[in-house]
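In: Sequence plus predicted model, see below.
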Amino acid sequence: MSVGSLKWIYDLSVSQTVRSSLWIFPFLECVHLYSMVLLVSVIAAFNLRLMGFRIVDKPQPLSRFSRMTIVLASVCFGINFITGLFLFGSKAPDYYLNSAFRTKLFLILVAVAYHLFLFSRASKWDDDQGKTLGPRFAGFASLVLWISVIAASRWIAFV
């Protein structure tokens, strides 16, 4: 794919509106960022739970907590996907050439695939959560992945 093949996205009327409006781009960006903060917060809570941290004496079973996490994370991910499409369309050729943007997308794909695996394993870890290295390492690795997504997101403006 070349930069020229993205010109049609850049030229869409919705992309032009987002790009030319004084308020639409900043509004979409705020929604995108706050939804990302909520997404990472929800997933971080799940990861910290995998690592053995807990706030209450008798926490919910990990399988139930993972189902709640999936619902909240899915809503946030959907919001980020939609707002991200509009933001991307407004500057498609620039974002396509931006190595930090491509790194962010790659890391998000890896993190989502990794979490699909984690959520499927959560019911098996109900009894030994935080006691064995498997769940602890899985939570730690996920935190590293999402911190990397955030770092790549911040670098987009500087690359």
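Out: Done, it's in.

In: Let's verify the residue of the chain most remote from its centre: helix, strand, or coil?
Out: Distance from the centre of the chain peaks at residue 57, with 29.7 Å (C-alpha atoms, centre = their mean). At residue 57 the chain is in coil, as set by DSSP: H, G, I helix; E, B strand; the rest coil.

In: For the protein, give me the ranges with low pLDDT.
Out: Counting by pLDDT under 70, the chain shows low-confidence ranges at 1-3, 123, 126-131.

In: just so I have it, where are all the helices in it?
Out: Per DSSP state H, the chain carries helices over the ranges 7-10, 13-20, 24-50, 62-90, 92-97, 99-121, 133-155.

In: would you turn those into JSON lines with mean neighbour count?
Out: In short, each C-beta sits where N, CA and C put it, glycine included. As requested, the helices of the chain are arranged in JSON lines below (neighbours: other C-beta atoms under 10 Å):
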{"stretch": "helix 7-10", "mean neighbour count": "15"}
{"stretch": "helix 13-20", "mean neighbour count": "14"}
{"stretch": "helix 24-50", "mean neighbour count": "18"}
{"stretch": "helix 62-90", "mean neighbour count": "17"}
{"stretch": "helix 92-97", "mean neighbour count": "16"}
{"stretch": "helix 99-121", "mean neighbour count": "15"}
{"stretch": "helix 133-155", "mean neighbour count": "16"}
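
In: and the residue nearest to residue 73 when sequence neighbours are not counted, how far is that from residue 76?
Out: If the residues on either side of it in the chain are set aside, residue 73 comes closest to residue 42, at 5.4 Å by C-beta to C-beta, 6 or more residues apart in numbering. With distances defined as C-beta to C-beta, to the nearest Å, the gap from residue 42 to residue 76 amounts to 7 Å.

In: Equivalent analysis for residue 50, please.
Out: 19 Å.

In: Same question for residue 28.
Out: Distance from residue 28 to residue 76, counting by C-beta to C-beta: 15 Å.

In: Could you do residue 132 as well?
Out: Computed as C-beta to C-beta, the residue 132 to residue 76 distance reads 29 Å.
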